[in-house]
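> return a 3D structure for these sequence lines:
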Amino acid sequence: MTSMREIETGSFVRPRLIVCPPDRIRIVSWNINRGLQLQRIIEFLETARADLILLQESDLNARRTHHLNIAKEISQKLEMNYVFGREFQELTQGPRVSPAYHGQATLSRWPLSGARIIRFQRQSTFWRPHWFLPEISPFQERLGGRMALVVEANVAGKGMVTYNLHLESKGDDGLRCAQLGETLEDARQYDAEMPIVLAGDFNLDVSEGAGATALSQAQFQDAFANHHVPTTPHSLLEEGRIIDWIFTRGLARSSEPKVHRSVRASDHYPLSITLPFPER
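Model prediction:
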């Protein structure tokens, strides 16, 4: 198995002359459900015209998504830079000689650098392979673990830090809060005025409780305060849930939060905000 700390990067940005640096950028965060509906995903992202995109559940060489590199495909179509971090090796989706992976991708029209992975110390044992289970898709056996992909972006000379999270779906809220806590502890290393975007699929409602308290104490602002609506569709088995989030910290204060509930390209809806860049 290739190291789970391996990070892939690429760039499809065309050279351009920046006459007037932007004073705000558009940000999208979205769990794309492996990229199963790739064309619809690309169509939405093209219309969203985002400057920064944080994707969760992006496939690489998986049978279910035609062995495509989903992050690369999207980046190439949108002419953006990308960083992909491996969350899991999907044992039922590719042969051992050509493994399949699943993880987070951060895309930007601006240069990206300093990419690294926070592999959470606390993990569920649910995904681990067992000798008595066949290696077929329904069992989703995996190697690896939940993580946060940390990437720095340089927006026309102004720096910012992004945390692209995918917290555990199998386990209790205590486990998810512990993983969130590891991320918040890592963010303490940055200057209080440094713009930080912390977003992704939390599998957790952090509008109240321990998660909300931890985020508030770490000085993170909820971009969707007073605008909370379900971020997953209703189904026959369960109601839609509020589990996808965007938080910001530092000088920048977000505006125009939206959950795009008309987009039917995943089992999650995309979220978007506008982030102004005040002079530091």
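> which pLDDT does the model give Phe132?
Note on Phe132: pLDDT of 51.
> can you check Met1 too?
For Met1, the model assigns a pLDDT of 36.
> what comes up buried for the worst-scoring helix or strand of the chain on mean pLDDT?
Here the helix or strand of the chain ranked lowest by mean pLDDT, DSSP states H and E is strand 142-144, holding a mean of 88. Under the neighbour-count criterion of 16 or more other C-beta atoms under 10 Å, strand 142-144 has 142-144 buried. Heads up, the C-betas are built off the backbone N, CA and C, glycines and all.
> that one pairs with which strands, and in what direction?
Looking at strand 142-144 with DSSP bridges, its partner strands are strand 81-90 (antiparallel).
> buried set for the partner strand?
81-90.
> likewise stretch 212-224?
Using 16+ other C-beta under 10 Å as the test for burial, stretch 212-224 gives 212, 214-215, 218, 220-224.
> from these, which single one is nearest Ile246?
Ala223 (4.3 Å; C-beta to C-beta).
> burial of Thr274, as a residue count?
For Thr274, the count of nearby residues is 17 (other C-beta atoms under 10 Å).
> name the residues that touch the helix or strand containing Leu184?
Using DSSP states H and E, Leu184 sits in helix 173-187. The contact list for helix 173-187 (C-beta atoms under 8 Å, 6 or more residues apart in numbering) reads 118, 120-122, 124, 146, 148, 150, 161, 163, 165, 167-168, 196, 198, 202-204, 206, 209-211, 214-215, 218, 220, 249.
> got it, and stretch 120-130?
Stretch 120-130 has contacts (C-beta under 8 Å, 6+ apart) with 88, 91, 135, 140-148, 168, 170-171, 175, 178-179, 182.
> ditto for stretch 73-80
Contacts for stretch 73-80 (C-beta under 8 Å, 6+ apart): 10-14, 35, 38, 41-42, 45-46, 53, 55, 81-82, 105, 107-109.
> let's go with 10 Å and repeat that
The contact list for stretch 73-80 (C-beta atoms under 10 Å, 6 or more residues apart in numbering) reads 9-14, 16, 32, 35, 38-39, 41-43, 45-46, 48-53, 55, 58-59, 65, 68-69, 71, 81-84, 105-110, 112.
> can I get that stretch in CSV, CA atoms only?
Only the C-alpha atoms of stretch 73-80 are listed here, as CSV (Å, rounded to 0.1, in the frame of the first residue of the first chain):
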residue,chain,number,x,y,z
GLU,A,73,-11.0,15.9,-13.9
ILE,A,74,-12.8,18.8,-12.1
SER,A,75,-9.7,20.9,-11.9
GLN,A,76,-8.9,20.5,-15.5
LYS,A,77,-12.4,21.4,-16.6
LEU,A,78,-12.5,24.5,-14.3
GLU,A,79,-8.8,25.4,-15.1
MET,A,80,-7.8,25.5,-11.4
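> what are the buried residues along that stretch?
Quick answer for stretch 73-80 (16+ other C-beta under 10 Å): 73-75, 77-78, 80.
> what segments of the stretch 51-200 of the chain are helices?
Using DSSP state H, counting those that start in this stretch, the helices of the stretch 51-200 of the chain run over residues 70-78, 173-187.
> mind checking the pLDDT average for the last one?
It refers to helix 173-187. Helix 173-187 carries an average pLDDT of 97.
> of the contacts of stretch 73-80, grab the buried ones for PyMOL.
The PyMOL command for the buried members of the contacts of stretch 73-80 (criterion: 16+ other C-beta under 10 Å) is given here:
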select buried, resi 9+10+32+35+38+41+42+45+48+50+51+52+53+55+58+59+65+69+71+81+82+83+84+105+106+107+108+109+110+112
